[in-house]
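J.: Quick one: sequence plus predicted model below, questions after.
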Amino acid sequence: MAIDMTSVSLKQLILDRRTCYQFSDLKSYPVTDENIYDCLEAARWAPNHKLTQPWRFWIVDGKSKRALADIYAENRALKKAEKHSDSYQELYLKAVDKFMAIPKVVLVGQVINKNPVVQKEDYAACACAIQNFQLMAWSLNMGVQWSTGPIINDQRTYNYLDQDSTQLELIGALYLGHRKQGCQGLNSKRNALKECVTHLK
């Protein structure tokens with residue numbers, strides 16, 4: 001779907017976008033494959049030095065979502081309770097429900113280059129790709145939370161994806177869904193430009 005974009009509307013899109021923690025019900029507001037691929041198409045056109053294209057994406061659905069929900073829930077529950085305790089089980093089940101309620105999950109990985117300079121450049125490229133993903137999602141009335149929680153550091157996640165953690169690093173889980181009113185919270189301020197810009201003449 002073509003959308004006319006001016007410099008004013010682009011700036012407004014950037015200013016409006018926020019991290020979204022609350023999503024509309026998936027049954028009433030489904031996230032289609034077309035929605036996700038529109039976001040991924042935007043992501044892959046991010047700038048990347050020497051065209052390394054270091055990003056990799058996994059769309060988590062169906063059985064894979066349930067499998068990753070277990071990893072997610074165990075990590076969350078273990079932060080507050082000992083395994084096999086009553087409180088652990090309660091926290092675990094609550095976390096499973098929370099993960100399964102997220103309309104769509106996309107994992108983002110970075111191919112690891114042995115050159116530390118290139119590796120740093122590639123992380124910046126992946127961050128740009130995620131920003132593109134988020135902006136496209138927002139233009140489609142969807143919000144995204146870029147999570148760097150324990151699920152992306154758990155070896156079981158790498159095993160499930162059949163990935164070698166010495167060759168690829170997971171850098172984010174993108175939680176995606178149609179925006180619920182007020183999903184972006186109140187943290188919408190930025191410091192004034194004068195606080196971060198020095199104009200050299």
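T.: Right, received. Where do you want to start?
J.: The residue nearest the centre of the chain in helix, strand or coil?
T.: The chain has residue 174 as the residue nearest its centroid, 2.0 Å off, counting by CA atoms, centre = their mean. Per DSSP: H, G, I helix; E, B strand; the rest coil, the local secondary structure of residue 174 is strand.
J.: Distance of the closest residue to it other than its chain neighbours relative to residue 50?
T.: With sequence-adjacent residues excluded and distances taken as CB to CB, 6 or more residues apart in numbering, residue 174 is closest to residue 106, at 4.3 Å. Using the backbone N, CA and C atoms, a C-beta is placed for each residue, glycine as well. Distance of residue 106 to residue 50, given as CB to CB, to the nearest Å: 25 Å.
J.: measure stretch 163-181 end to end?
T.: Taking CA to CA, to the nearest Å, stretch 163-181 runs 37 Å from one end to the other.
J.: likewise stretch 35-51?
T.: 25 Å.
J.: residues in contact with that stretch?
T.: With CB atoms under 8 Å, 6 or more residues apart in numbering as the contact definition, stretch 35-51 has outside contacts at 53-55, 57, 59, 104, 106, 118, 121-122, 125-126, 128-133, 135-137, 140, 142, 176.
J.: Inside strands: which ones of those residues?
T.: 55, 57, 59, 104, 106, 142, 176 (DSSP state E).
J.: Low-confidence ranges, this structure, go.
T.: 1-3, 184-188 (pLDDT under 70).
J.: would you list every one of the helices in it?
T.: Applying DSSP state H to the chain gives helices spanning 7-16, 33-43, 62-78, 86-101, 116-139, 155-161.
J.: Restricting to C-alpha, output the shortest one in CSV.
T.: The C-alpha atoms that make up helix 155-161 are tabulated as CSV, following Å, rounded to 0.1, in the frame of the first residue of the first chain:
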residue,chain,number,x,y,z
GLN,A,155,21.1,-21.1,25.2
ARG,A,156,17.8,-23.0,24.8
THR,A,157,16.6,-20.2,22.4
TYR,A,158,19.6,-20.7,20.2
ASN,A,159,19.2,-24.4,20.3
TYR,A,160,15.5,-24.1,19.3
LEU,A,161,16.5,-21.9,16.4
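J.: higher neighbour count, residue 106 and residue 50?
T.: Neighbours per residue, other CB atoms under 10 Å: of residue 106 and residue 50, the larger number sits with residue 106, 22 against 9.
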